[in-house]
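Colleague: whatever this is, show me its structure:
(2 chains)
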Amino acid sequence: DSGVTQTPKHLITATGQRVTLRCSPRSGDLSVYWYQQSLDQGLQFLIQYYNGEERAKGNILERFSAQQFPDLHSELNLSSLELGDSALYFCASSVLDRGNTEAFFGQGTRLTVV
Amino acid sequence: GNSVTQMEGPVTLSEEAFLTINCTYTATGYPSLFWYVQYPGEGLQLLLKATKADDKGSNKGFEATYRKETTSFHLEKGSVQVSDSAVYFCALSLTRGKLIFGQGTELSVKP
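Modeller: Numbering: from 1, shown residues only, chains lettered A, B, ... in the order given. Sure thing, here's the model as predicted:
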C-alpha cells in the first residue's frame, strides 16, 4: 500500500459527459501529480500541484482541469469526454517537488468512455 | 526534448535466468533516473533510483548504474523469479519531480 488513495477505481461513462477523479496523497506529501496511461501513448504526465498551486503542466487537454484543495487532496476533472479519453489515470504524490524525490503512486482510476 | 527509450518487450525468461532491460535517455541537464515496476492491476512502485552519474541503485536483487557517458540506466538481475513478472518502466526527472517514462517492458518469467 503506497498510501495514495484514488477513487473511484473504475468509471464507465458516455461520450460528452464529465467526470471527476479524486486523489488523496500520502500523509505529509505536498506535491501531487496526475498521469495518463494508455496503450498508444504510454504513461504521460498531465499536471502537477504543490501545496495548492499549479507547478507544471504536461500534455493535458483543454477539456481537462485539476485542482488541489487546502487539505491537499486533488481532483482531476475531465469534460466533453471522447472515446480516446479511455485510459488508466494515476495520481502520485511526493514530499517535495524536486527531481530526485521519490513519487508514490495510487492504484489508478480506469476510465472507460462508451 | 527529454525522452526515455526502453527495449521492447515482451521479454520471456526461465526462472533463475539473468535479466537485462536496456534503457537510454536524452535530457538537457542532469536528470535523476528511476526504475518503476507495475504488477498486474496495481499502480507503479519505485524499484530503484540514481541521482547522479556513476551512482548505482539497487533493491530486491535488481541493480542499475547511471552511465552519463552512454546516457544509459540498464536494469539487471542475476536470477529472476516467477514473482518478478511485471511491467518495468525506466523514467527520468529533471525538475519539479515530474517523471518522463519510457514505454515499459513487460517481463514474463516461466517456472
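
Colleague: need the nearest residue in space to A:Lys57, chain neighbours excluded.
Modeller: Of all residues not flanking A:Lys57 in the chain, A:Ile47 sits nearest, at 5.4 Å (CB to CB, 6 or more residues apart in numbering or on different chains). C-beta here means a position set from N, CA and C on the backbone, and glycine is covered the same way.

Colleague: what lines up beside whichever strand or helix holds that neighbour in the sheet?
Modeller: Taking DSSP states H and E as the criterion, A:Ile47 maps to strand A:42-50. Using DSSP bridges, strand A:42-50 pairs in its sheet with strand A:31-38 (antiparallel), strand A:53-57 (antiparallel).

Colleague: contacts for it?
Modeller: Residues external to strand A:42-50 that are found in contact with it (CB atoms under 8 Å, 6 or more residues apart in numbering or on different chains): A:30-38, A:54-60, A:64, A:66-68, A:74, A:76, A:90, A:97, B:89, B:96-104.

Colleague: need the residues of chain A near chain B, please.
Modeller: Contact residues, chain A versus chain B (CB under 8 Å from any CB of the partner chain): A:2, A:4, A:31, A:33, A:35, A:42-45, A:48, A:50, A:55-56, A:58, A:90, A:92, A:94, A:96-108.

Colleague: how far is the strand holding A:Ile47 from where the chain is centred?
Modeller: Taking CA atoms, centre = their mean, to the nearest Å, one finds strand A:42-50 lying 7 Å from the centre of the chain it belongs to.

Colleague: same thing with stretch B:97-106?
Modeller: Here stretch B:97-106 is found 9 Å from its chain centre; the criterion is CA atoms, centre = their mean.

Colleague: how about it as CSV, C-alpha atoms only?
Modeller: Extracted in CSV, the C-alpha atoms of stretch B:97-106 (Å, rounded to 0.1, in the frame of the first residue of the first chain):
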residue,chain,number,x,y,z
GLY,B,97,9.7,15.9,-9.7
LYS,B,98,7.6,15.2,-12.8
LEU,B,99,8.6,11.9,-14.5
ILE,B,100,9.2,11.2,-18.1
PHE,B,101,8.6,7.5,-18.7
GLY,B,102,9.8,5.0,-21.3
GLN,B,103,7.2,2.8,-23.0
GLY,B,104,7.6,0.0,-20.5
THR,B,105,9.0,-3.5,-20.9
GLU,B,106,6.8,-6.5,-20.0
